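**Student:** using only what follows, build the 3D model:
(one chain, ligands or ions: 1)
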Amino acid sequence: MLEADQFRLGLYVHWPFCEKRCPYCDFNVHELDPDQPTDQARWAAALSAELRHFAPLAQGRRLTSIFFGGGTPSLMAPETVEAVIDTARREIGFLNNIEITLEANPTSADADRFAGYRAAGVNRLSLGIQSLRPDALLALGRQHSVDEALAALELARSAFDNLSFDLMYARPRQDREDWAAELDQALALRPDHISLYQLTIEPNTIFEQLARKGIIRPKEDDETADFYHWTRQHLSAASFAGYEVSNHAAAPTFESAHNRLYWAYQDYIGIGPGAHGRLTSDGAKTAARQHRAPSVWLDQVEAQGHATVTHENLSAEDRLAEALPFGLRLTEGLPLAHFEALAPGLLSAGKIEALRAEGYLMARDDDWLQVSDEGRPVIDALARYLQS
Ligand SMILES: C[S@@+](CC[C@H](N)C(=O)[O-])C[C@H]1O[C@@H](n2cnc3c(N)ncnc32)[C@H](O)[C@@H]1O
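**Tutor:** Take a look at the predicted model:
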């Protein structure tokens, strides 16, 4: 299994624009000027050029998955999406059953493009619904209503056999009973996959300023932990097993192949402003990062075919520091051999034993690393301890 996994390859495409930045968001996102429409043909050509630049590093592998993330990729014209998919097919090639996901916002304007994305080759849609409560959508600064989200979901359903949506919970002032009702309403919509994110207050966001001024009151850690445990159990009982910390699928076939690739620390090419890539060539794993600013990225790609800021080898310590917090997120964990291949001799058997004894890691097969329910909320701390 390990050997086949090392040959997996994904493609991440970053679309950096949004109509409006959400007040909680710290992603590499830029608000569009309504008077200056995006030059879609120019972006299609630049994304394709940067993809051609990286294609030789696929070294004969074909793509398992493509993910259009953002920002708001549903602001891309279907022709732009199609151009990137066609370049990927031509320059790298697709494995059978390739998963091609696009993140979409549930406004009516975005939903008008869904059929076009399906025709372009997208076969999985991930809708950012965030909440089914009007007051919460307002507080989150969203640009859509509950009715618009439900209508978008219906349109998405008619175009896609693989449909996911995101909700955010543990919001300020949200109570558990109302979350239970909201979640049941969400499950009744019968998604194939659902991502449930606890609202986090990120540095340098409007929500951080509001929290500092006492205008919003984020939940305390223990209340957030209660929400988390209850949510995971509730989803399991509804046959939506959590295969990762925040992700649940109605059946294993609906688990996100692209995200699984990140968690198992496999390779991916990243194109677009601020995109990251991880690529193995000649036995070395490298990290590539593209310029974050859309206008600089565009100019550089047009001048030299790519906007790579850094592309460097990762040491064994770096590889372990990246692979651990990702791998521990997978509910079923990973074989120790996975980490041993990435960082020979760096994982301490004594530390693993200590975490097993304290109940943070499952005491299953000796040759396997799997977090327990108790360990799941503190994965980053466990990973730091294991790599030190
Ligand atoms: C970068 S967003 C892009 C998706 C899409 N444009 C949208 O707005 O729905 C991807 C997902 O990250 C989650 N997210 C972003 N910031 C978050 C935060 N501070 N706390 C929790 N979840 C967050 C949201 O659920 C969102 O759907």
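**Student:** burial of Trp225, as a residue count?
**Tutor:** Quick fix: residue 225 reads Ala, not Trp. The tally of other residues near Ala225 (other CB atoms under 10 Å) stands at 16. Just so you know, the C-beta spots here come from the backbone N, C-alpha and C atoms, and that holds for glycine as well.
**Student:** what is the burial count for the residue of the chain found nearest the ligand?
**Tutor:** Closest contact between the chain and the ligand, by CB to the nearest ligand atom, is at Gly128 (1.7 Å). Using other CB under 10 Å, Gly128 has 22 other residues around it.
**Student:** am I right that it is in a strand?
**Tutor:** Yes: looking at Gly128 with DSSP: H, G, I helix; E, B strand; the rest coil, it is inside a strand.
**Student:** what residues are up against Met256?
**Tutor:** Not quite, residue 256 is Ser, not Met. 99, 101, 124, 164, 193, 247, 249 (CB atoms under 8 Å, 6 or more residues apart in numbering).
**Student:** now do Thr224
**Tutor:** Thr224 touches 170, 198, counting by CB under 8 Å, 6+ apart.
**Student:** looking at this, it is in a helix?
**Tutor:** Yes: counting by three-state DSSP, Thr224 falls inside a helix.
**Student:** my guess is Gly305 contacts Glu50. True?
**Tutor:** Yes: between Gly305 and Glu50 there is a contact under CB atoms under 8 Å: 7.1 Å.
**Student:** those two: which has the busier surroundings?
**Tutor:** Higher neighbour count among Gly305 and Glu50: Glu50, with 26 against 14, using other CB under 10 Å.
**Student:** quick one: average pLDDT of whichever strand or helix holds that one?
**Tutor:** According to DSSP states H and E, Glu50 maps onto helix 40-54. Mean per-residue pLDDT for helix 40-54: 98.
**Student:** same question for stretch 181-199.
**Tutor:** The model assigns stretch 181-199 a mean pLDDT of 97.
**Student:** buried residues in it, which are they?
**Tutor:** Buried residues in stretch 181-199, counted by 16 or more other CB atoms under 10 Å: 182-183, 186-187, 189, 191-196, 198-199.
**Student:** and the ligand, is that stretch touching that?
**Tutor:** Yes: on the criterion CB under 6 Å from any ligand atom, stretch 181-199 is in touch with the ligand at 197, 199.
**Student:** not counting that stretch itself, show me its contacts.
**Tutor:** With CB under 8 Å, 6+ apart as the criterion, stretch 181-199 contacts 24, 126, 129, 131-133, 150, 153, 161-172, 218, 224, 227-228, 231, 234-235, 238, 240, 246-251, 254-256.
**Student:** give the contact list for Ala293.
**Tutor:** Contacts of Ala293 by CB under 8 Å, 6+ apart are Pro273.
**Student:** ugh, typo on my part, it should be Leu51
**Tutor:** 11, 84, 87-88, 91-92, 269, 271.
**Student:** now those as JSON lines including pLDDT and secondary structure?
**Tutor:** As requested, those are arranged in JSON lines below (pLDDT from 0 to 100; DSSP: H, G, I helix; E, B strand; the rest coil):
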{"residue": "Leu11", "pLDDT": "98", "secondary structure": "strand"}
{"residue": "Val84", "pLDDT": "98", "secondary structure": "helix"}
{"residue": "Thr87", "pLDDT": "98", "secondary structure": "helix"}
{"residue": "Ala88", "pLDDT": "98", "secondary structure": "helix"}
{"residue": "Glu91", "pLDDT": "98", "secondary structure": "helix"}
{"residue": "Ile92", "pLDDT": "97", "secondary structure": "coil"}
{"residue": "Ile269", "pLDDT": "98", "secondary structure": "strand"}
{"residue": "Ile271", "pLDDT": "98", "secondary structure": "strand"}
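**Student:** out of those residues, which is nearest to Ala288?
**Tutor:** Ala288 lies nearest to Ile269 out of the contacts of Leu51, by CB to CB, at 8.1 Å.
**Student:** contact partners for the closest one?
**Tutor:** Ile269 sits next to 9-12, 51, 54-55, 57-58, 277, 279 when contact means CB under 8 Å, 6+ apart.
**Student:** swap in 10 Å and give it another go.
**Tutor:** 9-13, 50-51, 53-55, 57-58, 63, 66, 88, 92, 275-279, 288 (CB atoms under 10 Å, 6 or more residues apart in numbering).
**Student:** now do Gly270
**Tutor:** 10-14, 50, 54, 67, 69, 276-279, 287-290, 308.
**Student:** so of the residues you listed, which ones are in strands?
**Tutor:** Counting by DSSP state E, the part of the contacts of Gly270 found in strands is 10-14, 67, 69, 276-279, 287-290, 308.
**Student:** buried ones among these?
**Tutor:** The buried subset of these - by 16+ other CB under 10 Å - is 10-14, 67, 69, 277-279, 287-290, 308.
**Student:** just want the angle from the helix holding Glu50 to strand 9-15.
**Tutor:** 150 degrees (axes from the mean of the first three to the mean of the last three CA atoms, to 10 degrees).
**Student:** what mean pLDDT would you report for stretch 211-229?
**Tutor:** 95.
**Student:** now do that stretch: distance from first to last residue.
**Tutor:** Using CA to CA, to the nearest Å, one end of stretch 211-229 lies 25 Å from the other.
**Student:** that one near the ligand at all?
**Tutor:** No: judged by CB under 6 Å from any ligand atom, stretch 211-229 stays clear of the ligand, getting no closer than 10.5 Å.
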